[in-house]
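Need a 3D model of the sequence below.
(one chain, ligands or ions: 1)
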Amino acid sequence: MCGIVGYIGEKRASDVIIKGLKRLEYRGYDSAGVALFNGELEIKKCKGKVVKLESLLTKDDQARVGIGHTRWATHGEPNDINSHPHTSSNGKLALVHNGIIENYNSLKKILESKGHTFYSQTDTEVLAKLIEDVYSKNSDDFKKSVQIALSQIEGTYGVAIIHSDFPDQIIVARKGSPLLIGVGDNEMLIASDASAVAEYTDQVVYLDDGEIAVIKKDDYQVHTLDDNSLIKEVHELALSIEEIEKGGYEFFMHKEIFEQPKAISDCLRGRLDPENGTITLGGIKDVLEKMADAKRLIIAACGTSWHSGIVGEYLFESLAKVSVEVEYASELRYKESLIGEGDVMIVISQSGETADTLAALRQAKENGALVLGVVNVVGSTIARETDAGVYIHAGPEIGVASTKAFTGQVTVLTLMAIKLAQVKGTISKEKADRLIKELNRIPSKMEKILEKSSELDAVSNLFSYAPNFLYLGRSFGFPVALEGALKLKEISYIHAEGYPAAEMKHGPIALIDEMMPVVVIAGTNHTNDKMVSNIEEVRARKGRIISIITEGNEEVENLSEFSFSVPDTEDEFSPLLTVIPLQILSYNIAVNRGCDVDQPRNLAKSVTVE
Ligand code: G6P
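This is a model prediction of the structure:
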């Protein structure tokens, strides 16, 4: 959460920083700010989005060094004062921070007793004053002062600091919150993620936890907090600017929904061989035997990724005959940890930076489990820390509500489940051949759905102002129901719940009346009869049935007030198709309600605090 950008070089720093902040705004958009060094330190910050900050900047500023921040508030409400950057008492130091300083209260009391006055309610301001305090006693070495101050911090940080005594450098450090250095030609950038630097360089250095870097325009030096010098690998970015621009769409989410056929083709490319009925997954080829020996798999994830984990559970259990537990990463951490040697954990994360997922990964590794990643962002912390893994290759996902990453994750899990089933011999050759051929057809089936997306306009308009929605599904339709409800909640602020269809009778049925739209995911064939009974139960209570059906399912179509059909496919692949109309329904409703689809209130795309 929170986006950090910094620049030092020959260009106007404010231009680079504002552009970068706009690219990182999906990480948080409660407030924004910059600190520029222009002979003296100049701070501009405000509640609201980066465009508002941009309007505060003067056209004639010539600063070549600066840091910027876009905030997702943790401590202190979003207002001008709580916005970053925060400064030292003498006004010489400014810093921006992503993370949480857990011991800020005790540090604050000590600093107050030393005469520092605090103006904000943030945890971050403590760090600015703490570094100043340490530096006042170690005035010969600013980097060392930062190292000492950071070693007193409990919690997490990605931090960027400038100081007017050192106008030619930016100091950055990381513990728990991502930061990278973009290495340019006579210029350096720093950012929370690569999208902010991709326009200027394709050479990046990822900082790891416990590292600090002093960055000058033509050099960077990385050390540990206890000052051991490090040689860091320089990675090449494979990120094009087109991928991170809207390309004519009004919202990134809309673009990303329509990118799904391509994203899935990219994900399958080189991995699926329908002619020979084989799957190649280079990232996990060395651990397949270990996976085959595992008595159980544990899947850990958050949000939409957790929903794809449930699809994964059904896939691995039905195809590879292995028992699967799907855990919220945030909860797993606080349970008695029974995960250890012999267990295989799969962590799923679009961003590869979600704090709880990362913590679950680390705990499982520490206990001796094999940990595999299903991650979208190449080079992200989770991707780097897992023992092995399979990238989704969905391309950058910028809309806060996940769409193509979900279908990408499900595709990777499908590939893994079929592959594992083949290794274990739990799938017949005939079935594997059939599934592999059909998986190859999924992108074109997705195209067909997208081509007729306007069929959803009428139902979207009709129910745009409904206060509640219920989503029901069985088997592979259940995680789709959860995901459909989440999409609607996230971007339109309509209360929605996803339920296993039969569970409706244990509570939600009490809510059903003539005002309640009930979205039924009837895309799997083997659950059709039971879904029909559930639909009748809803109709008997005057609920309004919107169904997502497989082409030709006239029985459910005739029982529905509105229905949208998707092409027939294998039950196992139905989530890849049935989720798309639900994404579009949510998108249309959010647009009708005038919501900011890409940046829904209170949310952030990358949740790097616990
Ligand atoms: C946030 C995002 C969701 C995402 C979840 C998990 O809540 O808004 O779209 O599903 O985090 O993120 P991850 O990057 O780990 O998949």
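
And whichever residue of the stretch 51-200 of the chain sits closest to the ligand, how close does it get to V172?
Per Cβ to the nearest ligand atom, W72 is where the stretch 51-200 of the chain lies closest to the ligand, at 10.6 Å. In short, each C-beta sits where N, CA and C put it, glycine included. The gap separating W72 from V172 is 19 Å, by Cβ to Cβ, to the nearest Å.

quick one: which of the two has more around it?
With other Cβ atoms under 10 Å as the criterion, W72 and V172 differ in neighbour count, and V172 comes out ahead with 28 against 23.

which residue packs closest to L93, ignoring adjacent ones?
Across the structure, with Cβ to Cβ, 6 or more residues apart in numbering as the measure, the residue nearest L93 apart from its sequence neighbours is H163 (4.7 Å).

swap that for R601, sorry
Going by Cβ to Cβ, 6+ apart, R601 has Y493 as its nearest residue, at 7.3 Å.

Over to A196?
Using Cβ to Cβ, 6+ apart and skipping residues adjacent in sequence, the residue nearest A196 is G20, 3.5 Å away.

Then I171?
Nearest residue to I171, sequence neighbours excluded (Cβ to Cβ, 6+ apart): I161, at 4.5 Å.

thought the one you found was touching V146?
Yes - contact status for I161 versus V146: in contact at 6.4 Å, counting by Cβ atoms under 8 Å.

Tell me where the stretch 351-500 of the chain has helices.
Chain-ordered helices for the stretch 351-500 of the chain, with DSSP state H, counting those that start in this stretch as the definition, fall at 355-366, 381-385, 404-424, 429-451, 457-463, 477-492.

what's the worst-scoring helix or strand of the chain on mean pLDDT packed up against?
Ranking every helix and strand in the chain by mean pLDDT, DSSP states H and E puts helix 528-540 at the bottom, with a mean of 89. Contacting helix 528-540 under the criterion 3 or more Cβ pairs under 8 Å, 6 or more residues apart in numbering; DSSP states H and E are the following elements: strand 468-473, strand 517-522, strand 544-550, helix 554-559.

Name the helix or strand for A213, please.
Remark: A213 resides in strand 211-216, with elements defined by DSSP states H and E.

Which positions in that strand come out as buried?
For strand 211-216, the buried set under the neighbour-count rule, 16 or more other Cβ atoms under 10 Å, comprises E211, I212, A213, V214, I215.

how about these in TSV, adding distance to the ligand and pLDDT?
Below are the buried residues of strand 211-216 laid out as TSV (distance: Cβ to the nearest ligand atom, whole Å; pLDDT from 0 to 100):
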residue	distance to the ligand	pLDDT
E211	22	97
I212	26	98
A213	25	98
V214	30	98
I215	27	98
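
Okay, R296 and G340: tell me how far apart.
Using Cβ to Cβ, which is the criterion applied here, R296 is 12 Å from G340.

ok, these two, which is more surrounded?
Per other Cβ under 10 Å, whichever of R296 and G340 has more neighbours is R296, with 14 against 11.

Could you measure from the closest residue to that one other than its chain neighbours over to I346?
Residue nearest to R296 in three dimensions, not counting chain neighbours: S323, with 4.5 Å by Cβ to Cβ, 6+ apart. As judged by Cβ to Cβ, S323 and I346 stand 13 Å apart.

between these two, who's got more neighbours?
For S323 versus I346, neighbours defined as other Cβ under 10 Å are more numerous around I346 (28 against 12).

and for S323 and I346, which residues touch both?
Taking Cβ atoms under 8 Å, 6 or more residues apart in numbering as the contact rule, the neighbours common to S323 and I346 are L297.

how far does stretch 294-308 stretch from start to finish?
Using Cα to Cα, to the nearest Å, the gap from the first to the last residue of stretch 294-308 comes to 21 Å.

Give the buried residues for that stretch.
Of the residues in stretch 294-308, 294, 297-308 count as buried by neighbour count, 16+ other Cβ under 10 Å.

before we move on, what about stretch 553-564?
Going by 16+ other Cβ under 10 Å, stretch 553-564 has these buried residues: N553, V556, E557, L559, S560, F562, S563, F564.

Let me know whether the fifth one touches I548 as I believe.
No - applying Cβ under 8 Å as the test, S560 and I548 come out as separate, 9.5 Å apart.

From D529, how far off is E536?
If you measure E536 against D529 using Cβ to Cβ, the figure is 11 Å.

hmm, I was thinking of Q599
Counting by Cβ to Cβ, the gap from Q599 to D529 is 43 Å.

Run through the residues that contact K445.
For K445, the contacting residues are V566, P567, T569, L577, by Cβ under 8 Å, 6+ apart.

Just give the number of residues close to the first one.
Meaning V566. Each residue near V566 was counted by other Cβ under 10 Å, and the total is 24.

For the residue nearest to it when sequence neighbours are not counted, what is the enclosing helix or strand?
With Cβ to Cβ, 6+ apart as the criterion, V566 has its nearest non-adjacent residue at 4.2 Å, and that residue is L577. Counting by DSSP H and E, the element that carries L577 is helix 574-592.

quick one: pLDDT of whatever residue of the stretch 201-350 of the chain ends up closest to the ligand?
With Cβ to the nearest ligand atom as the measure, G303 is the residue of the stretch 201-350 of the chain nearest to the ligand, at 2.8 Å. At G303, the predicted lDDT confidence score is 96.

With the one 5 residues further on instead?
Model confidence at S308, expressed as pLDDT, equals 98.

Let me see the contact set for it.
S308 makes contact with A301, I348, V374, F406, Q409, V410, L413, P479, E483, according to Cβ under 8 Å, 6+ apart.

now R544
F463, E514, M515, M516, P517, V518, E561.

So which of the buried residues of stretch 294-308 sit within helices?
Among these, the members found in helices (DSSP state H) are G303, T304, S305, W306, H307, S308.

burial measure for the nearest residue to the third one once chain neighbours are set aside, as a count.
Pointing back at S305 there. Taking Cβ to Cβ, 6+ apart as the measure, S305 lies nearest to I348, with 4.2 Å between them; neighbours along the chain are not counted. Other residues within reach of I348 by the criterion other Cβ under 10 Å amount to 34.

how close does I171 get to E256?
On the measure of Cβ to Cβ, I171 and E256 end up 36 Å apart.

buried ones in stretch 361-373?
Buried residues in stretch 361-373, defined by neighbour count with 16+ other Cβ under 10 Å: L361, Q363, A364, K365, A369, L370, V371, L372, G373.

For these, please prepare TSV with the additional fields pLDDT and distance to T87.
Rendered in TSV, the data for the buried residues of stretch 361-373 read as follows (pLDDT from 0 to 100; distance: Cβ to Cβ, whole Å):
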residue	pLDDT	distance to T87
L361	96	36
Q363	94	37
A364	94	41
K365	95	39
A369	95	44
L370	97	46
V371	97	41
L372	98	44
G373	98	39
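
sorry, back to before: quick check, pLDDT for the residue nearest to I171.
Checking the pLDDT column for I161, the value is 98.

and what of L95?
In the predicted model, L95 carries a pLDDT score of 98.

quick one: contacts for it?
Contact partners of L95, counting by Cβ under 8 Å, 6+ apart, are 35, 67, 84-87, 124, 127-128, 131, 159-162.

chain center to the helix or strand containing it, what's the gap?
Taking DSSP H and E as the criterion, L95 maps to strand 93-98. The chain centroid and the centroid of strand 93-98 are separated by 23 Å under Cα atoms, centre = their mean, to the nearest Å.

How about stretch 281-299?
The offset between the C-alpha centroid of stretch 281-299 and the centroid of the whole chain comes to 24 Å, using Cα atoms, centre = their mean.

Make 31 the first number, not 1, from now on.
Sure thing, new numbering starts at 31, so read that last one as stretch 311-329.

Now do the end-to-end distance for it.
Using Cα to Cα, the end-to-end distance of stretch 311-329 comes out at 18 Å.

residues near A65, how many?
Applying other Cβ under 10 Å, I find that A65 has 30 neighbouring residues.

can you check E280 too?
Residue neighbour count, defined by other Cβ under 10 Å, stands at 11 for E280.

Spell out which residues of the protein are next to the ligand.
The chain comes close to the ligand at residues 332-335, 379-381, 384, 387, 430-432, 633, 635-637, as judged by Cβ under 6 Å from any ligand atom.
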